[in-house]
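Enquirer: need the 3D shape of this:
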Amino acid sequence: MSVYLGTHGEVELQRQFDGSDLRSTINPSDVNATQKRFSFDFEHGQLLSGDQIEITSTDGTALDFIDSYTKTSVKKFIHVDELDGIRLYDSFANAVNGGTANATALATPANDLPIRVKVENAEYKVLAQVNGFELNTERETVDTTTLSDEFRNRISTLMSGSGRMSAFWEYTGNTSQELPNYLVELSLRTRVGSQFKARFYIKRTDHNPGGAAANDNDEIFYEFTGVLTSCAVQFAPNNTVQVEADFITTGLIQLRMNLETESKALQENDSELLLEQGTDNAVLLDP
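Expert: Residues are numbered from 1 along each chain as shown. Okay, the predicted model is just below:
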């Protein structure tokens, strides 16, 4: 038997909208081609630096505010400055760093351009500085007792989940990871929601206290979609500044096990499920 330490856990987040989108118009005066910067009307805090967004013209015209671009849709990472000005980038790291050097070149559009914007992050990012997390699952029950019963009967119904994650607060640094300040920003999103997708790792590939070589690359993690319900910044003299975020799950909660060893389908009596009667070939499950 092995003992697993919490120091080897990990949290990965994927940025999401809750299905909503932003609609606005880019005017020629909103684009500064020299500074590779543009803007449009949206509430402060709805778009965050590091978001990967998809911009689509709603009238079918080309996105000509991007230099030499002829398509009607584009997907880029963004950096949002203190005045809600936006620059486009090809990578998450460049978007977090900002600046004009790696920003996408822009051009002044010929006319007003109506657009639809939504977050389309496809990648998970490790949440930096995490010092703890928990996920609770709860199964609801319904009372099915009838008047003739001598004992109360219940059946299980819907499952729900909730949890918490905490981290040392940080707003700059490693640009390959999600910074804890993102949780604070995410909690303030109103129009597009505070939704995220997460993976909570119980076992990572770099932790194997059992010592068996066959288990070196095993991964076990929860995967779910959640919504932040509260976010607290704990600040006290002579102590570390920490962020603590509470959430509830929405939809499916999955415990995923990526094991190197083959998994065999078993019957209720724990015997292997065979391909055909009279053979010794067991049915294998996909990892």
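
Enquirer: beta-bridge partners for Thr141, please?
Expert: Ser156 (DSSP bridges).

Enquirer: and it, what does it touch?
Expert: 154-157 (CB atoms under 8 Å, 6 or more residues apart in numbering). (Glycine included, C-beta is placed from N, CA and C.)

Enquirer: by neighbour count, which of these wins?
Expert: For these, neighbours were counted using other CB atoms under 10 Å, and Arg154 has the most, 11 neighbours in all.

Enquirer: now for Ala105: which residues touch it?
Expert: By CB under 8 Å, 6+ apart, the contact list for Ala105 reads 33, 36, 66-68.

Enquirer: now it: how far from Ala93?
Expert: 19 Å (CB to CB, to the nearest Å).

Enquirer: against Gln35, how distant is the residue lying farthest from the centre of the chain?
Expert: Here the centre of the chain is the reference, and by CA atoms, centre = their mean the most remote residue is Ser148, at 50.1 Å. Going from Ser148 to Gln35 by CB to CB gives 79 Å.

Enquirer: and Ser49, by the same measure?
Expert: 16 Å.

Enquirer: before we move on, what SS does the residue farthest from the centre of the chain have?
Expert: What DSSP: H, G, I helix; E, B strand; the rest coil gives for Ser148 is coil.

Enquirer: distance check, it against Ala213.
Expert: 60 Å.

Enquirer: what's the answer for Asn111, then?
Expert: Applying CB to CB to Asn111 and Ala213 gives a distance of 64 Å.

Enquirer: number of residues surrounding the nearest residue in space to Thr157 that is not next to it in sequence?
Expert: In space, and not counting its chain neighbours, Thr157 is closest to Glu140: 4.8 Å by CB to CB, 6 or more residues apart in numbering. For Glu140, the neighbour count with other CB under 10 Å is 10.

Enquirer: and the gap between Glu140 and Ser49?
Expert: To Ser49, Glu140 is 39 Å away according to CB to CB.

Enquirer: which intervals of the stretch 51-200 of the chain have sub-threshold pLDDT?
Expert: Under the criterion pLDDT under 70, the flagged ranges of the stretch 51-200 of the chain are 174, 191.

Enquirer: quick one: the helices in it, in order.
Expert: Assigned by DSSP state H, counting those that start in this stretch, the stretch 51-200 of the chain shows helices spanning 92-97, 181-187.

Enquirer: next, the buried residues of the longest one.
Expert: What it means is helix 181-187. By 16 or more other CB atoms under 10 Å, the buried positions in helix 181-187 come out as 181-187.

Enquirer: ok, the residue farthest from the centre of the chain to Leu113 distance?
Expert: Distance from Ser148 to Leu113, by CB to CB: 70 Å.

Enquirer: Ser176 too?
Expert: According to CB to CB, Ser176 and Leu113 sit 33 Å apart.

Enquirer: and the two? which has more neighbours close in?
Expert: Between Ser176 and Leu113, Leu113 has the larger neighbour count (other CB under 10 Å), namely 23 against 12.

Enquirer: who does the more buried one bridge with?
Expert: Ile26.

Enquirer: ok, now Glu223?
Expert: Bridge pairing for Glu223 - DSSP bridges - gives Arg199, Gln254.

Enquirer: go ahead and confirm it touches Ile202.
Expert: No: assessed by CB atoms under 8 Å, Glu223 is found out of contact with Ile202, at 11.7 Å.

Enquirer: returning to that earlier point: mind putting the contacts of Ala105 in TSV, distance to His44 and neighbour count included?
Expert: Below are the contacts of Ala105 laid out as TSV (distance: CB to CB, whole Å; neighbours: other CB atoms under 10 Å):
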residue	distance to His44	neighbour count
Ala33	24	14
Lys36	21	20
Ile66	24	20
Asp67	27	12
Ser68	31	7
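
Enquirer: sounds good, over and out.
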